[in-house]
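Colleague: the following block contains a protein sequence and its predicted model.
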Amino acid sequence: MAEPAKSSPLSELRIALPSLPLRLQEVGRFVAANDYDATTRSMRDLAAEAGADPAAFTRLAKAIGYSGWDELRAALTEARRPSQTSPFSARAKSRRHGPNADVALVIDKLEAEAAGLPRIPAQPIAEAARALHDAKRVWIAGYRSCRSVAELLNYELRLFRPEQVQLVGASGPDDLDLGAFRTDEAVIVIGFLPYTHASVRVAQAAHRSGATLIAIADSLSAPMAEGADHVLLFEAASSPGFFPSLTGAIAIAQSLAAVTFSLGGVAAKKRLENTEARLTAASTYVSEKG
């Protein structure tokens, strides 16, 4: 006989809610409605938003059979993980029926993307930008779909720091760059589930070198975010569609570039103007008609 499937932690929580004390019911409903935040934010932050005592989250976890909040949080994180063998097809849903089904999917997608952006904490991005400003050199790594985010950030930063920013692996094998990291530099690694081995190797090389590690990731438990000096979280899994969302990662990358430029002051603006002059001289852009 096949072993029955284990229920999800959210199902366990919802089933237990009616039997819990009133205050724990309120905390439980908050967790059920904000399960992504529960996996990515600290218990103190969650408690502040829920208007509850942090200890209430521990009591809630124990009330539904977990040893504490950390174990419940780990179970919630695991429940959100797609299959490693089918990380994208497992997300796919059957096509809706009806004359406006496709439009409805687009609306759902856009609404989910828009809803995720305000949940990105601003303070950690500003702190990471300060680290970029102070770094002698900035290395950026992103693989597969995250390569696009890495290239965007690389482009924006090089507009005003052309000699000090480099994509990992842009000029040769990755391992040559991994051996070039130094303590006064910053290394940015971008990734979401499923995580690439290459991104983990970059993070490990940054640790060994003593460089400042900045992880742009979908979870605090991302292997390339382990031990990072700055972890900048975005929502990848909450958006509908077969492929996770990179909207938050792009917003973080552009915010990093904007704040780093602002911190650079007059010197950064002068270097940007020099870049613009060079682009104009090379006739890079189509002239506007007017």
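Modeller: Alright, I've got the coordinates. Note that the structure is predicted; figures quoted are calculated from it, not measured.

Colleague: how about the helices in the stretch 151-290 of the chain?
Modeller: 174-178, 197-209, 247-281 (DSSP state H, counting those that start in this stretch).

Colleague: now the shortest one: how far from the chain's centre is it?
Modeller: Chain-centre distance of helix 174-178: 24 Å, with CA atoms, centre = their mean, to the nearest Å.

Colleague: can you check the longest one too?
Modeller: Offset of helix 247-281 from its chain centre (CA atoms, centre = their mean): 21 Å.

Colleague: what residues of it count as buried?
Modeller: Within helix 247-281, the residues scored as buried using 16 or more other CB atoms under 10 Å are 247-253, 255-257, 259-261, 264, 268, 271-272. Heads up, the C-betas are built off the backbone N, CA and C, glycines and all.

Colleague: ok, back up a step: out of the helices of the stretch 151-290 of the chain, nearest to Pro124?
Modeller: Closest approach to Pro124 among the helices of the stretch 151-290 of the chain is made by helix 247-281 (9.2 Å; CB to CB).

Colleague: avg pLDDT for that closest one?
Modeller: Per-residue pLDDT values across helix 247-281 average out to 94.

Colleague: what about the closest residue to Leu233 other than its chain neighbours, neighbour count?
Modeller: Distance criterion CB to CB, 6 or more residues apart in numbering; nearest residue to Leu233, sequence neighbours excluded, is Thr40 at 5.0 Å. Neighbour count for Thr40, taken as other CB atoms under 10 Å: 26.

Colleague: okay, now the domains of the protein?
Modeller: 1-80, 120-282 (the TED database).

Colleague: now what about the lowest-mean-pLDDT helix or strand in the chain, what contacts it?
Modeller: Taking mean pLDDT, DSSP states H and E as the measure, helix 35-40 is the helix or strand of the chain with the lowest mean score, a mean of 77. Applying CB atoms under 8 Å, 6 or more residues apart in numbering, the set of residues contacting helix 35-40 from outside is 10, 31, 46, 49, 73, 76-77, 80, 119, 218-221, 233, 235, 237-238.

Colleague: and for stretch 132-140?
Modeller: Contacts for stretch 132-140 (CB under 8 Å, 6+ apart): 150, 153-154, 157, 161, 164-168, 177, 181-182, 184-188, 190, 202, 206, 211-212, 214, 256, 260, 263-264.

Colleague: narrow those residues to just the buried residues.
Modeller: Buried among the contacts of stretch 132-140 (16+ other CB under 10 Å): 150, 153-154, 157, 161, 165-168, 177, 181, 185-188, 190, 202, 206, 211-212, 214, 256, 260, 264.

Colleague: related to what we said a few turns ago, what's the following helix or strand after the least confident helix or strand of the chain?
Modeller: Downstream of helix 35-40, the next assigned helix or strand under DSSP states H and E is helix 43-50.

Colleague: pull out the buried positions in that following helix.
Modeller: In helix 43-50, counting by 16+ other CB under 10 Å, buried: 43, 46-47, 50.

Colleague: pull out the buried residues from the next helix or strand after that helix.
Modeller: Moving toward the C-terminus from helix 43-50, the next helix or strand (DSSP H and E) is helix 54-63. Of all the residues in helix 54-63, those buried under the rule 16+ other CB under 10 Å are 56-61, 63.

Colleague: skip the chain neighbours and tell me the closest residue to Leu24.
Modeller: In space, and not counting its chain neighbours, Leu24 is closest to Leu60: 5.1 Å by CB to CB, 6+ apart.
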